[in-house]
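> Below are the sequence and a predicted model; questions follow.
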Amino acid sequence: MNKAQNAERSYRFNIAIRIALPFIVAIIFSSYILYKNGSIGDNDMVLFFILIISYVYFTTYMIYQSFQNTFLDSVTKVYTRDKILKIIDSKVKKNRDFNNLTLLNFKNIGDISDRYGVDFGDEILIQCVRELEKFLDENSIKSYFLGRYSSSYFLLYTNENLPKIRHLITIFSKKIKNEGVNKKEIILKFEIKNISYSDLQKSINYLINRIKDVKIISDDIDEFESDVIKSIKNKNFSYKVQKIAGFKDENLYCVIPSLKSENHGNISKSKISNVMFKYNMQVNQDIAIFSSFFNSLVKNVNNKFIIEISMQSLNSVKYLEFLKEFIDENKIDASNIIIEFYPDDKTEHLNRLSEILFEYKKLGFRFAISHFGANNAFFAYFLNLDIDYIIYDVNISKNYKDTKVANTFLKLNELARQIGIKTILKFVDRFDMFEFAKNNKVDFVQGFYIQKPRELV
C-alpha cells in the first residue's frame with residue numbers, strides 16, 4: 001500500500017469514527033435516561049426513534065460525502081491533481097529550505113494505449129508508478145508525495161536535496177527503460193526545480209515546457225524560415241524519381257522531393273532539415289511530402305517507391321494514423337511503398353522500434369535502413385529489426401576498392417542474403433562499380449550510371 005493509499009485509509013477511518021460517534025453518544029444518553037427513570041415510557045421511545053432516524057440520515061450523508069471527497073487517482077491510486085497541489089503548497093509555506101518538485105512524464109504511455117488499448121496502457125502506468133514508489137523507498141526517500149497531474153504526467157515533491165533526487169530519478173529512468181514493464185519499453189522524461197520562492201503553477205508550466213522542449217514559432221523568425229514553413233503548410237513540393245535497378249527483382253524508384261518556396265526557389269529536403277528540427281515540424285513535413293507525392297502521381301501508380309521519413313515520424317502515432325487513413329481513402333497498395341529511415345547510433349529503444357515497425361507492417365509497408373554501415377549501431381538494427389532492405393552507406397560506394405572495406409562489405413552482403421534482406425548500393429556512377437555490385441550479388445543499384453533523377457510525370 002503506497003503513501004497516498006495510507007492517507008486515504010486514515011481519512012476513511014476518521015470518517016468512520018465521526019459516523020459512529022453520534023450513535024455511541026445516543027446509546028449512552030438513552031441508557032442513562034432509562035437507567036435513571038427505571039422504566040421505558042412513550043416519550044423515551046419517541047426520543048429514541050427520532051435519534052435513530054437522525055443517525056441513519058447522518059450516516060448516509062457522511063458516507064456519500066466520503067466518496068465524493070476522495071483524493072486518490074482512480075487509476076494509479078496516487079494523489080489527484082487537486083490534492084497534490086494542496087499538499088505541495090502547504091509544504092512550501094511551512095518549509096523554505098528544500099522544496100524540490102520533479103515533473104515526470106512516462107512519455108510513451110499514450111503510444112502504448114493507442115496500440116494495445118486503454119486498459120493495457122493503464123495497467124502499464126500502474127506498474128510504472130508502483131516501481132517508482134518501490135525504488136524511492138529502497139533508496140530511503142521516505143518524505144515524498146506523489147500525485148498524478150494529467151494523463152502521463154506526475155508530480156513528485158520531496159525535501160531531499162536536488163542533486164540527490166536528480167541522480168536517483170536518472171538511475172530509475174535508465175532502469176525502467178532497460179528492464180521495461182510487462183515486456184514494454186518505458187521512456188521516462190523528467191525535470192526538477194526548487195520551488196521554495198516560486199509560484200507553483202508557473203513552476204509546473206516551466207517544467208512541462210522543459211520536458212516538451214517547446215519551440216514556439218515566434219514573430220522574429222527570419223524570412224527564410226518563414227518562407228519554408230509557409231510552403232510546407234501549403235504542401236508546395238516538386239518531385240523527381242530515380243530508378244533503382246534490380247538485377248533479378250522488379251525495379252524500385254527513389255522519391256526525391258524538393259520544396260517550392262515563394263522567395264527562395266526550389267529547396268532540397270536536406271537544406272530545410274534545420275528549420276524542421278528547430279520548430280519541431282518533422283512529422284508535418286513528412287505528412288506533406290507523402291500526401292503531396294501520391295496525390296500528384298498519375299502514371300506508374302503500381303511502381304514500388306522508396307520514400308524517406310524521419311525517426312520522429314516513424315515514432316509518431318500521428319504519422320501512423322495519417323498513413324492508415326490516407327492509404328484507405330486513396331486505395332493505395334501499401335506493399336508498393338518502402339519506408340526508408342536513418343536510425344541514430346542509440347540502441348536502447350530497439351524493442352519499442354520493433355513494435356512500431358510491426359504496426360506499419362500490418363498495413364503492408366516495407367522498410368529500408370539507410371546509411372547502413374555508417375555508425376556503430378547498424379549491426380544491432382540489422383539483427384533485431386524486421387527490415388526488408390538495407391541501403392549501404394556512401395562510403396562503401398566510394399571505397400569499394402579498399403581491401404578492408406571490400407571484405408567487410410562482402411561478408412555483410414552474404415549475411416543479408418542468407419537471412420532474406422535485400423541490398424541496395426547507391427551512387428553507382430561508373431561501369432566498374434556496376435560490375436562490382438553485380439558480381440558480388442547486390443540486389444539493387446542506384447546512381448547516374450543507371451539513371452539520372454527525372455521529373456515526376
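It's in.
> just the strands in the stretch 351-457 of the chain please.
366-372, 389-392, 422-425, 444-446, 454-455 (DSSP state E, counting those that start in this stretch).
> With respect to P257, which of those lies nearest?
For P257, the closest of those is strand 454-455, at 12.1 Å, according to CB to CB. Quick note: C-beta positions are derived from backbone N, CA and C, even for glycine.
> Helix, strand, or coil at K142?
The three-state label for K142, taken from DSSP: H, G, I helix; E, B strand; the rest coil, comes out as coil.
> was I right about K324 contacting L363?
Yes - shown here, K324 and L363 form a contact pair, counting by CB atoms under 8 Å, at 6.4 Å.
> got the domain boundaries for the chain?
3-68, 81-212, 223-455 (automatic domain parsing).
> Let's have those in TSV, adding mean neighbour count.
Formatted as TSV, the domains of the chain follow (neighbours: other CB atoms under 10 Å):
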stretch	mean neighbour count
domain 3-68	12
domain 81-212	17
domain 223-455	17
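> Looking at those domains, spot the one closest to V75.
Per CB to CB, nearest to V75 of the domains of the chain: domain 81-212, 5.1 Å.
> how far is that closest one from where the chain is centred?
Offset of domain 81-212 from its chain centre (CA atoms, centre = their mean, to the nearest Å): 16 Å.
> What is the end-to-end distance of it?
This stretch, domain 81-212, spans 20 Å end to end (CA to CA, to the nearest Å).
> Give me the average confidence score over that domain.
For domain 81-212, mean pLDDT rounds to 88.
> thinking K441 is in contact with L415, fair?
No - in this structure, K441 is not within contact of L415 by CB under 8 Å, at 11.8 Å.
> Tell me which stretches of this protein form strands.
In the chain, strands defined by DSSP state E lie at 100-106, 144-150, 153-158, 188-194, 237-246, 252-260, 266-268, 304-308, 337-341, 366-372, 389-392, 422-425, 444-446, 454-455, listed in chain order.
> I'd like these laid out as TSV, including distance to L357.
Putting the strands of the chain into TSV (distance: least, CB to CB, whole Å) gives the following:
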stretch	distance to L357
strand 100-106	22
strand 144-150	30
strand 153-158	28
strand 188-194	23
strand 237-246	21
strand 252-260	19
strand 266-268	27
strand 304-308	15
strand 337-341	9
strand 366-372	6
strand 389-392	13
strand 422-425	16
strand 444-446	21
strand 454-455	31
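> so what's I33 scoring on pLDDT?
pLDDT at I33 comes out at 67.
> and if you look at the one 5 residues further on?
According to the prediction, G38 has pLDDT 58.
> and what of the one 3 residues further on?
Note for G41: predicted pLDDT of 59.
> show me where pLDDT drops low in the stretch 301-450 of the chain?
Counting by pLDDT under 70, the stretch 301-450 of the chain has low-confidence residues at 344-349, 375-378.
> OK, contacts around the nearest residue to S113 once chain neighbours are set aside?
In space, S113 comes closest to G121 once its chain neighbours are excluded; the distance is 2.9 Å by CB to CB, 6 or more residues apart in numbering. Neighbour list for G121: 109-110, 112-114 [criterion: CB atoms under 8 Å, 6 or more residues apart in numbering].
> Dump the domains of the chain to JSON lines, plus distance to S74.
Converted to JSON lines, the domains of the chain look like this (distance: least, CB to CB, whole Å):
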{"stretch": "domain 3-68", "distance to S74": "12"}
{"stretch": "domain 81-212", "distance to S74": "9"}
{"stretch": "domain 223-455", "distance to S74": "24"}
